[in-house]
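Asker: need a 3D model of the sequence below.
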Amino acid sequence: MLAVAAVVALAAVCGGCGSSRGSGSTSAASSTAAANPASAEGPWSPPVIDPANFVSRVDNPYLPLVPGTTLRYRGVMKDGTTPQVDSFVVTHQRELVMGVSCTVVRDTVTSRGRPVERTYDWFAQDRQGNVWYMGEETQELKHGRFGKMIDSGPAGRNGAQPGLMMKAHPMKGDSYWQFHWPGHAMDTATVLGSGGRVKLPYRSLKDTLLTQEQSPLEPGVRDQKWSVQGIGYVQERAASGTHEQIKLVSVTHR
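Answerer: So this is what the prediction gives:
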C-alpha cells in the first residue's frame, strides 16, 4: 500500500517535537503554495510547495497524527488468506522534505508473528488543514534484515512529487493525487461520500468517510478506506484486483 498506508491517530501534534532524521530539497516559494493541490482530473500539474504555508501539527479531524499513538490493524494480504498485522506508530521524529518539517510514521507489517515490511511515511499539514503525503522510505525484509527498497524516497527528488492524503474539507466527488512519481508510485484518491457504520474488532463506529484509491500503474486494483473523525483510517478493503483487507483492532497512547 502506498503508505498502507495511511491510517491514523488522535488530536494535535506538539510543535517542533522530536529530532530530524534527514533533509530533502527545497522548492521555490509561493504564497498560495499548498492551498491548491493537484487534481487527479485533467493534465498533471505539479504543486508548488511553500514551507511557510505549513504548520508543525497534523490535526485534520479525519487524519490526526499525534506522536506516541499506535494504531493496530489485523486482516489478510492480497491473496485473501495470508494473515497480516499492521502497526501504525506516530513517532516523535521529524523529517525535512522540500523544506517542510514532516511527522514521521513507522508502519510495520507482520505475518504469523514475523515482520514482512517496514515503511517510514512522511506527512505534513498546510495552513488550510490539508494533510500532505511527502514520501516514504520502504524497507523490505531479506535474509533476516530490513533493506531499503528501490521504490521509495522523499518528494522533490528524482521526479517524485507530493500529494494529498486527506483534504481539509473532503466532499463527495473530490479527486486528487496522493503522490506522483512516474514508473514508481502514482496514486490517486476519490471521495465517495459517507461510508455508513462499520463494525470492527476495535468497536462499532458510525458516520464514516469513504474514499477510494487507485493507480494507473495498477489499473485493475482499487482500494477503499473508511475513516472516522478523531481516529483516522479504521478500515481498508480491496474493491477490485486483490482480496486484501485490514480492520482497526486497537488504539494506544504513550
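Asker: now Ser51: phi and psi?
Answerer: Just to correct that, residue 51 is Pro rather than Ser. In terms of degrees, to the nearest 10, the main-chain angles of Pro51 are phi -50, psi -30.
Asker: what sits closest to it if chain neighbours are left out?
Answerer: Excluding the flanking residues, the one nearest Pro51 by C-beta to C-beta, 6 or more residues apart in numbering is Gly99, at 3.9 Å. The way it works is simple: take the backbone N, C-alpha and C, and place the C-beta from them, glycine included.
Asker: check Gly183 too.
Answerer: Leu217 (7.7 Å).
Asker: hang on, isn't that neighbour packed against Trp181?
Answerer: No - look at Leu217 against Trp181 with C-beta atoms under 8 Å: they stay out of range, at 9.8 Å.
Asker: wait, the residue nearest to Pro51 sits on Ile49?
Answerer: Yes - using C-beta under 8 Å, Gly99 makes contact with Ile49 at a distance of 7.2 Å.
Asker: who's more crowded, these two?
Answerer: A count of neighbours by other C-beta atoms under 10 Å puts Ile49 above the other of Gly99 and Ile49, at 26 against 17.
Asker: please report phi then psi for the more buried one.
Answerer: phi -100, psi 120.
Asker: about what we covered before: name the residue in Leu217 and Trp181 with the higher neighbour count.
Answerer: Neighbours were counted for Leu217 and for Trp181 using other C-beta under 10 Å; Trp181 has more, 22 against 13.
Asker: and the more buried one, what does it touch?
Answerer: Asn158, Gly159, Ala160, Gln161 (C-beta atoms under 8 Å, 6 or more residues apart in numbering).
Asker: if we use 7 Å, what do you get?
Answerer: Contacts for Trp181 were tallied using C-beta atoms under 7 Å, 6 or more residues apart in numbering; they are Gly159, Ala160, Gln161.
Asker: could you measure from it over to Gln125?
Answerer: Trp181 is 21 Å from Gln125, where distance means C-beta to C-beta, to the nearest Å.
Asker: that older thread, and the pLDDT at the residue nearest to Gly183?
Answerer: The model reports Leu217 with a pLDDT of 92.
Asker: that one against Met186, yeah?
Answerer: Yes - under the criterion of C-beta atoms under 7 Å, Leu217 makes contact with Met186 at 5.5 Å.
Asker: quick revisit: tell me the spacing between the residue nearest to Pro51 and Met166.
Answerer: Noted for Gly99: a distance of 21 Å to Met166, by C-beta to C-beta.
Asker: same deal with Gly144?
Answerer: Remark: distance between Gly144 and Met166 (C-beta to C-beta) = 36 Å.
Asker: more crowded one of these two?
Answerer: Ranked by neighbour count (other C-beta under 10 Å), Gly144 and Met166 place Met166 first, with 30 against 7.
Asker: quick one, what contacts the more buried one?
Answerer: For Met166, the contact set (C-beta under 7 Å, 6+ apart) comprises Asn60, Tyr62, Leu63, Val131.
Asker: quick check, nearest of these to Gly173?
Answerer: Tyr62 (16.2 Å; C-beta to C-beta).
Asker: tell me the contacts of the closest one?
Answerer: Counting by C-beta under 7 Å, 6+ apart, Tyr62 touches Met166, Pro170, Leu209, Ser227, Gln229, Gly232.
Asker: ok, and the closest non-adjacent residue to it?
Answerer: Sequence neighbours aside, Ser227 is the residue nearest to Tyr62 in space, at 4.7 Å (criterion: C-beta to C-beta, 6+ apart).
Asker: do I have it right that that neighbour meets Asp207?
Answerer: No - the criterion here is C-beta under 7 Å, and Ser227 misses it with Asp207 at 10.3 Å.
Asker: between these two, which is the more surrounded one?
Answerer: Taking other C-beta under 10 Å, Ser227 and Asp207 do not tie; Ser227 has more neighbours (25 against 10).
Asker: I'd say Lys172 and Val191 touch.
Answerer: Yes - counting by C-beta under 7 Å, Val191 is a contact partner of Lys172 at 5.6 Å.
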